[in-house]
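Participant: I would like the atomic coordinates for the input below:
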Amino acid sequence: MNDQDKPAARFASPPCMAGEIAPDYFNPLGTDSTQARDVARWRRAERARLRGARGKIPVAEHRRTSQALAGHLLDLLSNRFGGARGRVLSGYWPIKGEPDLRAALADLHDAGVMIALPIVEEKAAPLVFRRWAPTTRMVLGDWNIPVPPAKAARVTPAIMLAPLMGWDGAGYRLGYGGGYFDRTLAALSPRPATIGIGFQSAQLATIYPQPHDIALDFILTEAGVQVTREAP
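Facilitator: This next block holds a predicted model:
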């Protein structure tokens, strides 16, 4: 899966190939301890299974899937957010076979959307967000993930993209297990609109949501919008 992550000429920095983030994190927040352990064990197994399956996606298929997802994202932003021009949209830098939407983020930047990327400045704390442009010279952040440098402006997103390891029909996201996304959403007020980005093949019957899990407003795959929880 390394070939699909070769940097495109229009970007100043390459993608990241960081490994799984904080695999031992689980915070049941009062859930029955036996059930919490069972859910945590199941989620670890599902992450490993889904990560393995994602790593076997052929390069050409991964590229087609990313392009399809990018098109659906642009359509969703146009239909629900007026194209998001003048708003802050938090994207992500693709790691370990995640859908690569950097070209779409660059197009959105050119169309007047303020693009940001999430950054871990403090462990076990909400993420912060710095402005990004295709010409931004990235630096290595936590887990060696490329991030905008400290001099980049800090912003608060109105729309957040959330890469998915797995997802369910209720809008819940199975992430890497670090808890950063849920922690950040809980801290932001007003809460931004949330759009999960993942593969159709990563759908689960349920992620067995726990008290700390926060459902997303939309989930997008290469097949289009799969979940809509936001009021029309």
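Participant: where does this structure have low pLDDT?
Facilitator: Confidence mapping of the chain against pLDDT under 70 gives the ranges 1-31, 230-232.
Participant: same thing but at 80, please
Facilitator: 1-32, 143, 230-232 (pLDDT under 80).
Participant: what ranges do the helices span in it?
Facilitator: With DSSP state H as the criterion, the chain has helices at 33-55, 59-81, 102-110, 180-187.
Participant: closest one to residue 141 among those helices?
Facilitator: Of all those, helix 180-187 sits nearest to residue 141, with 12.1 Å by CB to CB. The C-beta positions use only the backbone N, C-alpha and C, and glycine is treated the same way.
Participant: End to end on stretch 158-169, go ahead and measure it.
Facilitator: 24 Å (CA to CA, to the nearest Å).
Participant: try stretch 209-228
Facilitator: Note: stretch 209-228 ends 17 Å apart using CA to CA.
Participant: just how off-centre is that stretch within its chain?
Facilitator: Distance, stretch centre to chain centre, for stretch 209-228: 11 Å (CA atoms, centre = their mean, to the nearest Å).
Participant: Equivalent analysis for stretch 208-227, please.
Facilitator: On CA atoms, centre = their mean, the centre of stretch 208-227 falls 11 Å from that of its chain.
Participant: Go through that stretch and flag the buried ones.
Facilitator: 208-210, 213-222, 225-227 (16 or more other CB atoms under 10 Å).
Participant: closest to residue 182 among those residues?
Facilitator: residue 214 (5.0 Å).
Participant: give the contact list for that closest one.
Facilitator: Counting by CB atoms under 8 Å, 6 or more residues apart in numbering, residue 214 makes contact with 181-182, 185-186, 194.
Participant: of those, buried ones?
Facilitator: The neighbour count (16+ other CB under 10 Å) marks 181-182, 185, 194 as buried among the contacts of residue 214.
Participant: tell me the phi and psi of the nearest residue to residue 85 once chain neighbours are set aside?
Facilitator: Sequence neighbours aside, residue 112 is the residue nearest to residue 85 in space, at 4.2 Å (criterion: CB to CB, 6 or more residues apart in numbering). Residue 112 adopts backbone torsions of phi 100, psi 10, taken as degrees, to the nearest 10.
Participant: Just give me the neighbour total for the residue nearest to residue 109 when sequence neighbours are not counted.
Facilitator: Distances taken as CB to CB, 6+ apart place residue 115 nearest to residue 109, at 4.9 Å, with adjacent residues excluded. Residue 115 has 25 neighbours, counted by other CB atoms under 10 Å.
Participant: And for residue 104?
Facilitator: Neighbours around residue 104, by other CB under 10 Å: 22.
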